[in-house]
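S.K.: need a 3D model of the following:
(chains A and B)
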Protein chains: 2
Amino acid sequence: MKTIHIGLLGFGTVGAGVARILLENADLLRARTGIDLRLKHVADLDLTTDRGVALADGVLINDSQAVVTDPQIDIIVEMIGGQTIAATLIEAAIANGKHVVTANKALLASQGNRLMAMARQRGVDLAYEASVGGCMPIIKTIRESLVGNRISAMTGILNGTCNYILTRITNEGSEFAPVLADAQAQGYAEADPTLDIEGIDTAHKLAILTALAFGMRINLDDIYVEGITRITPLDIAMAEQFGYRIKLLAIGKQSNGRVEARIHPTMIPMGNQLAKVNGTLNAVTVTGDAVDHVTLFGHGAGRMPTGSAVVGDIVDIARNIVSGSAGRIPVLGYQDDQIRDIPVMPMDDVVTHYYIRFAVLDQPGVLSVIAGVLGRHGISIRTVLQKGRHDQGAVPIVMLTHRAKEAAIKLALAEINALDVVTDPPMLIRIEDNNATD
Amino acid sequence: MKTIHIGLLGFGTVGAGVARILLENADLLRARTGIDLRLKHVADLDLTTDRGVALADGVLINDSQAVVTDPQIDIIVEMIGGQTIAATLIEAAIANGKHVVTANKALLASQGNRLMAMARQRGVDLAYEASVGGCMPIIKTIRESLVGNRISAMTGILNGTCNYILTRITNEGSEFAPVLADAQAQGYAEADPTLDIEGIDTAHKLAILTALAFGMRINLDDIYVEGITRITPLDIAMAEQFGYRIKLLAIGKQSNGRVEARIHPTMIPMGNQLAKVNGTLNAVTVTGDAVDHVTLFGHGAGRMPTGSAVVGDIVDIARNIVSGSAGRIPVLGYQDDQIRDIPVMPMDDVVTHYYIRFAVLDQPGVLSVIAGVLGRHGISIRTVLQKGRHDQGAVPIVMLTHRAKEAAIKLALAEINALDVVTDPPMLIRIEDNNATD
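M.R.: Predicted structure coming up:
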């Protein structure tokens, strides 16, 4: 039986999960692959904390440099995170002819083009299934299963923290801030939750998915990103009245040589599979010309689910090594010379449906003034809901629009916001509803 | 650019879908794979019907034997169906050293062990992603993505016809027979619907999945199969009252060296992802020790979705050919010498929760007699619902049980059925509810 030696960098949450699967399911992995996957070294600065994984003596060391240069090691598994040391170690591993597995979405989103080019040139595999959607096999599905499909759209719930918070606001009618605080107390949100709640983590993942699906170079900078911090229970309740749920969606679309790539709170029909994804779960729907829709669901994070995706990558590479087929599938799913710089559509050019909530003084004629401004900007209204709340002075007017251009919406809202009768900045939430009339 | 020659057997619905994807998305496939996938021949007895796919002159021929022996052809795609000619042609293709792609679940469920052994011995790949769940990449997910997981359970909705019929009964409250007739009229059910509505097609798929997931030889014969023909709107309405939906589920479980493999109408909690799968859609949830649950959704049939899965297989094999790695992944996901004959648990030994509906005369004391019989067989009742319908003489009594053994349930029901006060044979529907108290 062929032996493949693995070096694991980082013995944190996911690193420990990977080690645990490799050790506890070693017999199963051998029965399936016919390969002995041997965890030769785990490198971490912390040599003492008990991670609940029994490594043999001498496996855990604190010298990651020694791991990436160990001539016996075939595959380096980078589970350190961050964009400095991790990048340096991956570069060193590639330079040393080692295959690399990583779950580091932030690194790939910002430096992936360079690292992937290095791997290609050196003839080694760089695998990253665990970087998007935890245990959901979304990378493999796009790159292999849907290879015959022209992919037109992807919509995903890719951040468990945001989905957990939105689910709780939906179920409990609570405000954002206390739910976030509780999520932090319970370990569902980080002490510094910015990356998650501002949508940045989701953008990292979308940058990878759009590149894979559309054959473009990874482009994080042009993704529009809006987080969930402004979402209120009122908007969630209003959404429900219109048959919608609010989710933080990653949206990637391709048509006529342009790509849309945006992250924002989005209303989707209750009947949509993604509307039913609650708590920390992730899901993604891919739309292709042959399959129509395929949807995957699963845990998007966590020690064991993410570890499972990493082990899947390790096995893929080990099989390539054993069968002499490294580079069998191009890293980004397209032949190198076929990857293009596809422009991401400026947000102003995006056309979609909108939910707009205005806070206005309860005076006659206000609705007509607002509708007038929208009309002058070419925005037509699908539905209006006005609820009197005379005890507070201001009342909400909620409108759903027909399809409109983001630029027109922006101009109209700025104009409306300047009106004396408008007490607060309007709340804008985009809608993804293929069933909505235009 | 390397060229791989493909021979397609059968130019029916799915065959035409495969041809269409290979031709219409040829540029995309080249950009992704760097391989020219050339459809050299399509064999079908019908040379005249327009399938809406423009084949070049000379591609369509009526001699399938000539295709499987063509020395230039690398991959044979069997889209004929059935278990006679298809088997002979696949054997001939393998004997001639050709790789094979098929969507023929009936053939694999009954003759798969033999055909797979042939492919192994000849060193060719035999791929069958499209045989289960249409475009959902369930084979690849189990065999590759979840390779590090000990899989404990799979539950799937794997037959679109049954799910369509059950969805309509649920939504409309109609009886089975008229819904089936309408499904036939609309093309959602075959003229002879037996394979679908009796659960046989689902059993073919489960036979493949259990083998893959648990490392056992394909065993169709020992799968328990019960179709949906006895399901009534009354049972569906009752299920709803208890928070359940009725789906035809394929259930595969593994514990303590034994496997459960059964197909039957099943009540599942409304909150379960599978409960929300409506119409002709398919879905499957896989439970593994690392991932917890992963669920896939998509079109389980149809020209283009199934064609997409076939093209995914063609590309996998083409990549193996180009990189010299045929047989890179074992056909059934385990090394040949690791595949065992795992016994399938007899249905009598299955332990689960049950829904039982009795039709009884509306007399005092009936409930106590029935409960007494159940109690004597060690079956304890979780909930009882009795609704008086005095206009009809007989009234339904519905019970949900705690966990009970199938053998005990059978004996108890036989005894109860013999009671004078019982007017019709009891209706038994199994429940899969991990949240139910024992």
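S.K.: quick one: contacts for the closest residue to residue A:269 other than its chain neighbours?
M.R.: In space, residue A:269 comes closest to residue A:433 once its chain neighbours are excluded; the distance is 5.5 Å by C-beta to C-beta, 6 or more residues apart in numbering or on different chains. Heads up, the C-betas are built off the backbone N, CA and C, glycines and all. Shown in contact with residue A:433 (C-beta atoms under 8 Å, 6 or more residues apart in numbering or on different chains): A:244, A:267, A:268, A:269, A:353.
S.K.: ranking these by neighbours, who comes first?
M.R.: Neighbour counts for the contacts of residue A:433, by other C-beta atoms under 10 Å in any protein chain shown, peak at residue A:267, which reaches 27 neighbours.
S.K.: check which helices and strands the helix or strand hosting that residue is in contact with.
M.R.: Residue A:267 belongs to strand A:258-269 when assigned by DSSP states H and E. With contacts taken as 3 or more C-beta pairs under 8 Å, 6 or more residues apart in numbering or on different chains; DSSP states H and E, strand A:258-269 sits against helix A:200-214, strand A:224-225, strand A:244-255, strand A:422-431.
S.K.: which one, of these, ends up nearest to chain B?
M.R.: When those are compared by C-beta to the nearest C-beta, helix A:200-214 sits nearest chain B, at 10.1 Å.
S.K.: that closest one to strand A:258-269, inter-axis angle?
M.R.: Helix A:200-214 runs at 120 degrees relative to strand A:258-269, counting by axes from the mean of the first three to the mean of the last three C-alpha atoms, to 10 degrees.
S.K.: related to what we said a few turns ago, mean confidence score for the strand holding residue A:267?
M.R.: In this model, strand A:258-269 carries a mean pLDDT of 97.
S.K.: need the pLDDT of residue A:388.
M.R.: 64.
S.K.: residue numbers of the stretch 201-350 of chain A in contact with chain B?
M.R.: Counting by C-beta under 8 Å from any C-beta of the partner chain, the stretch 201-350 of chain A comes close to chain B at A:215, A:273, A:276, A:288-299, A:304-305, A:307-309, A:311-312, A:315-316, A:319-320, A:323-325, A:327-330, A:333-335, A:338.
S.K.: any of these buried? List them.
M.R.: A:215, A:273, A:276, A:288-299, A:304-305, A:307-309, A:311-312, A:315-316, A:319-320, A:323, A:325, A:327-330, A:333-335, A:338 (16 or more other C-beta atoms under 10 Å in any protein chain shown).
S.K.: which of those residues fall within helices?
M.R.: Of the positions in those, A:304, A:305, A:307, A:308, A:309, A:311, A:312, A:315, A:316, A:319, A:320 sit in helices, assigned by DSSP state H.
S.K.: dump these into a markdown table; add pLDDT as well.
M.R.: Below are these laid out as a markdown table (pLDDT from 0 to 100):
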| residue | pLDDT |
| --- | --- |
| A:304 | 97 |
| A:305 | 97 |
| A:307 | 98 |
| A:308 | 98 |
| A:309 | 98 |
| A:311 | 98 |
| A:312 | 98 |
| A:315 | 98 |
| A:316 | 98 |
| A:319 | 98 |
| A:320 | 98 |
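S.K.: how about the strands of the stretch 1-150 of chain A, start to end?
M.R.: A:2-9, A:35-43, A:60-61, A:75-78, A:99-102, A:126-127 (DSSP state E, counting those that start in this stretch).
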